[in-house]
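Trainee: coordinates only, sequence not included:
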């Protein structure tokens, strides 16, 4: 986690407003569950529409909520008029995602002038408990108004 102070005192409102415009997150029925400076948590249910052929949550679902959690973690530190855009993101799938919901905890590793490094840890939750199912790390860019 970063120890930087957010450039935008209204970062929670801005992250929430931006998240509400994401069609993919709406499609996945995802929700912001925690927004703090340098960290964001997103949760989404695992259902038939987000599973793969063996009934596990599809890797695309994990990637989508992990990417958004990492990107929004970065946005929490950015200026009020800035936007965040993923440049690259790598995922390591650690275990099949079995359960009734997924959470992705995004965090900022390095907040740079133009490029930022962030990560996400993804967990599956179900009747048998919580399991760490994926780890992501990537780069985002800070888009400033022209």
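Mentor: Here it is on my side, so go on. All figures in this text were calculated on a predicted structure; none of them were measured in a lab.

Trainee: Paired strands for the strand ranked longest in the chain, with orientation please.
Mentor: Using DSSP state E to define each element, the chain has its longest strand at strand 129-143. The pairing partners recorded for strand 129-143 under DSSP bridges are strand 83-93 (antiparallel), strand 115-126 (antiparallel).

Trainee: starting at the chain centroid, how far to the last one?
Mentor: It refers to strand 115-126. Centroid separation for strand 115-126 versus its chain: 6 Å, with Cα atoms, centre = their mean, to the nearest Å.

Trainee: In contact with the spatially most central residue of the chain, which residues?
Mentor: To find the centre residue of the chain, average its C-alpha atoms and take the closest one (Cα atoms, centre = their mean): that gives residue 69, at 1.3 Å. Going by Cβ atoms under 8 Å, 6 or more residues apart in numbering, residue 69 touches 40-42, 104-106, 120. For the C-beta atoms, the positions are set from N, CA and C on the backbone; glycine is no exception.

Trainee: can you list the residues you listed in JSON lines and add pLDDT and secondary structure?
Mentor: Below are these laid out as JSON lines (pLDDT from 0 to 100; DSSP: H, G, I helix; E, B strand; the rest coil):
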{"residue": "40", "pLDDT": "98", "secondary structure": "strand"}
{"residue": "41", "pLDDT": "98", "secondary structure": "strand"}
{"residue": "42", "pLDDT": "98", "secondary structure": "strand"}
{"residue": "104", "pLDDT": "98", "secondary structure": "strand"}
{"residue": "105", "pLDDT": "98", "secondary structure": "strand"}
{"residue": "106", "pLDDT": "98", "secondary structure": "strand"}
{"residue": "120", "pLDDT": "98", "secondary structure": "strand"}
